[in-house]
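Novice: Give me a 3D structure for the following:
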Amino acid sequence: MNPLRTLCVLACLLAATVANPQAGRRRNSNSLDNVDQPSNWVSPREIEQLPSLKQVNLKQLQEMSLEEGATLLDQLYHLSQFNHVFKPDYTPEPSQVKGYIVGERGQKIEFNLNTLVQTVKRQQRFGDDEVTIFIQGLPESSSQVQKATRKLVKAYQQRYNLQPYPTTDSDYSSEEQRQRGSSEETRQQQRRRQGDDKEDTKTGDLIVIELGNALENFEQFATLNIERIGEIIGNRLVELTNTVNVPQEIIHLIGSGPAAHVAGVAGRQYTRQTGHKLRRITALDPSKIYGKPEEQLTGLARGDADFVDAIHTSAYGMGTSQRLANVDFYPNGPSTGVPGADNVVEASMRATRYFAESVRPGNERNFPAVAASSYQEYKQNKGYGKRAYMGIATDYDLQGDYMLQVNSKSPFGRSTPAQTQAGYHATHQPWRQSAQGTRRQ
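Specialist: Down below sits the predicted model:
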């Protein structure tokens, strides 16, 4: 880190430490309503030991244990909140942000943000039905990010009756090959029973914007100008409506990690320009925002679309535990990760894997959830209200915090009915202190 900046921060933190004798002492609590000052989370000695942002990368985080990675990110985050140490000054050029449309034959029709609209114009029948736009938030240099993205794309190919990408069995383990064959056979049986075996019928379009591939290191991740890149993407969506006649009511915007916040800004920009809201924004493990503009709110929020939902799988790791959406889902409660995830990157990508599983035909209700104020409350059957479903089938009238259990391996959803709960709850309430606290934010 910059020596002069470090000395300034150290001086401020030392002053705060003298003023507060509890500084540096960490709490184990799942409360989201009592966030300490940054000086309580990062001691001067810890600051000296922190690596520079350019030294942190996904490979390093994947090689750390879940707790080690979460601790490092936690320290960097709380340092970033002290006197705005990290500035949001990185905006990739639109030509640097690549993407592709999944064609009817499974081919990738590539573009960059400058050519997105022109590329869409050349596609026949684009926007006749649902349009899903997935903004990838982490680089595919990570095998875990690559796998999660591949699973989501393939799930939408099945949902939209698009032809699959050409693949070889070597791309999958023997277990995955077995599951592929079994799941495909099950889907065919379902179609026959429903009289809906219409393989040539196109029911939607999928666009993937590879924003994550424009982030070369953690410094660019932490200093991403969410507002600027979100406005650029929002303007492209306006052009899709104005020049390609894609109405806002069929657009579903999905963002993972920092791209969840980019999606929120894009939704707001779309509303500012058109006076209308997008149909839905889904946030897949929305990240902490390290570089925030001064005196300005930024990132995802309720109201950025007609309906906003969020899935938090690394609330105290790469993600955030903050409530951001109309409905926030916390698989296995707010924690550093979820069952089966060995590091913070894998934990973050589980949100994409869960959503992909729900997109596959027949799996829409694989993730039953119940509103609750803590995971302990959920486990004790003291949640509130009717059962809901996390994923593609989430009802648009839901509000509040929802808990559910997930499996450690695919299939991740526990598609059994949730147990009967007492009372009713449909609004955000403070987390209740559990007997066994979880990590803090």
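Novice: what residue ranges in the stretch 251-400 of the chain score low on pLDDT?
Specialist: 295-296 (pLDDT under 70).
Novice: so how far is stretch 371-384 from its chain's centroid?
Specialist: Here stretch 371-384 is found 23 Å from its chain centre; the criterion is CA atoms, centre = their mean, to the nearest Å.
Novice: Using CSV, write out the CA atom coordinates for that stretch.
Specialist: Output in CSV follows, covering the C-alpha atoms of stretch 371-384 (Å, rounded to 0.1, in the frame of the first residue of the first chain):
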residue,chain,number,x,y,z
ALA,A,371,-39.1,-16.2,6.2
ALA,A,372,-37.1,-16.0,9.5
SER,A,373,-35.0,-13.6,11.5
SER,A,374,-32.1,-16.0,11.9
TYR,A,375,-31.0,-19.4,10.7
GLN,A,376,-31.3,-20.7,14.3
GLU,A,377,-35.0,-19.6,14.3
TYR,A,378,-35.5,-21.3,10.9
LYS,A,379,-33.9,-24.6,12.2
GLN,A,380,-36.2,-24.5,15.3
ASN,A,381,-39.3,-24.2,13.0
LYS,A,382,-40.0,-20.7,14.3
GLY,A,383,-39.9,-18.9,11.0
TYR,A,384,-42.9,-17.0,9.7
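Novice: Tell me the buried residues in it?
Specialist: For stretch 371-384, a neighbour-count test (16 or more other CB atoms under 10 Å) marks 371-378, 382-384 as buried. For the C-beta atoms, the positions are set from N, CA and C on the backbone; glycine is no exception.
Novice: Pretty sure His252 sits in a strand.
Specialist: Yes. His252 forms part of a strand when assessed by DSSP: H, G, I helix; E, B strand; the rest coil.
Novice: just to revisit the earlier point, go through the buried residues of stretch 371-384 and name the one nearest Val145.
Specialist: Tyr375 (26.6 Å; CB to CB).
Novice: Now name the helix or strand holding the closest residue to that closest one other than its chain neighbours.
Specialist: Nearest non-adjacent residue to Tyr375, counting by CB to CB, 6 or more residues apart in numbering: Gly333, 2.5 Å away. Gly333 is part of no helix or strand, with elements assigned from DSSP states H and E.
Novice: Tell me if I'm right that Gly333 and Gln405 touch.
Specialist: No. Assessed by CB atoms under 8 Å, Gly333 is found out of contact with Gln405, at 9.3 Å.
Novice: more neighbours, these two?
Specialist: A count of neighbours by other CB atoms under 10 Å puts Gly333 above the other of Gly333 and Gln405, at 24 against 19.
Novice: What are the phi and psi values at the more buried one?
Specialist: Main-chain dihedrals, Gly333, degrees, to the nearest 10: phi 80, psi 170.
Novice: Distance of it relative to Arg228?
Specialist: Taking CB to CB, to the nearest Å as the measure, Gly333 falls 35 Å from Arg228.
Novice: Same check on Asn245?
Specialist: In terms of CB to CB, Asn245 sits 27 Å off from Arg228.
Novice: between these two, which one's more packed in?
Specialist: Higher neighbour count among Asn245 and Arg228: Arg228, with 16 against 9, using other CB under 10 Å.
Novice: Find the nearest non-adjacent residue to the more buried one, please.
Specialist: Thr91 (4.5 Å).
Novice: Helices of the stretch 51-200 of the chain, residue ranges please.
Specialist: 58-63, 66-80, 116-121, 143-159, 174-194 (DSSP state H, counting those that start in this stretch).
Novice: among those, which gets the worst mean confidence?
Specialist: The stretch with the lowest average pLDDT out of the helices of the stretch 51-200 of the chain is helix 174-194, scoring a mean of 49.
Novice: what lines up beside the helix or strand that that helix is followed by in the sheet?
Specialist: Next along the chain after helix 174-194, taking DSSP H and E as the criterion, comes strand 204-209. When pairing is defined by DSSP bridges, strand 204-209 lines up against strand 98-102 (antiparallel), strand 130-135 (parallel).
Novice: pull the CA atoms of the first one into PDB?
Specialist: What follows is strand 98-102, C-alpha atoms only, in PDB (Å, rounded to 0.1, in the frame of the first residue of the first chain):
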ATOM      1  CA  LYS A  98     -16.900  -8.400 -24.200                       C
ATOM      2  CA  GLY A  99     -20.000 -10.600 -24.300                       C
ATOM      3  CA  TYR A 100     -22.000 -12.900 -26.400                       C
ATOM      4  CA  ILE A 101     -25.600 -13.800 -27.400                       C
ATOM      5  CA  VAL A 102     -26.400 -17.500 -27.300                       C
END
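Novice: which residues are in contact with it?
Specialist: Here strand 98-102 makes contact (CB atoms under 8 Å, 6 or more residues apart in numbering) with 108-113, 116, 119-120, 123, 126, 153, 156-157, 162, 205-210, 213-214.
Novice: give me that answer again for 7 Å
Specialist: Strand 98-102 has contacts (CB atoms under 7 Å, 6 or more residues apart in numbering) with 108-112, 116, 119-120, 123, 153, 157, 162, 205-210, 213.
Novice: Would you mind listing which of those residues are buried?
Specialist: For the contacts of strand 98-102, buried by 16+ other CB under 10 Å: 111-112, 116, 119-120, 153, 157, 162, 205-210, 213.
Novice: dump the residue contacts of the residue lying closest to Gly127 once chain neighbours are set aside.
Specialist: Closest residue in space to Gly127, ignoring its immediate chain neighbours: Val246 at 3.9 Å, by CB to CB, 6+ apart. Shown in contact with Val246 (CB under 7 Å, 6+ apart): 127, 131, 240.
Novice: Can you select the buried ones from those in ChimeraX?
Specialist: Here is the ChimeraX command that picks out the buried ones among the contacts of Val246, judged by 16+ other CB under 10 Å:
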select :127,131,240
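Novice: CSV please, covering the contacts of Val246 and showing distance to Glu219.
Specialist: Below are the contacts of Val246 laid out as CSV (distance: CB to CB, whole Å):
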residue, distance to Glu219
Gly127, 38
Val131, 33
Leu240, 32
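Novice: Endpoints of stretch 254-261, how far apart?
Specialist: Criterion CA to CA, to the nearest Å; first-to-last residue distance in stretch 254-261 is 10 Å.
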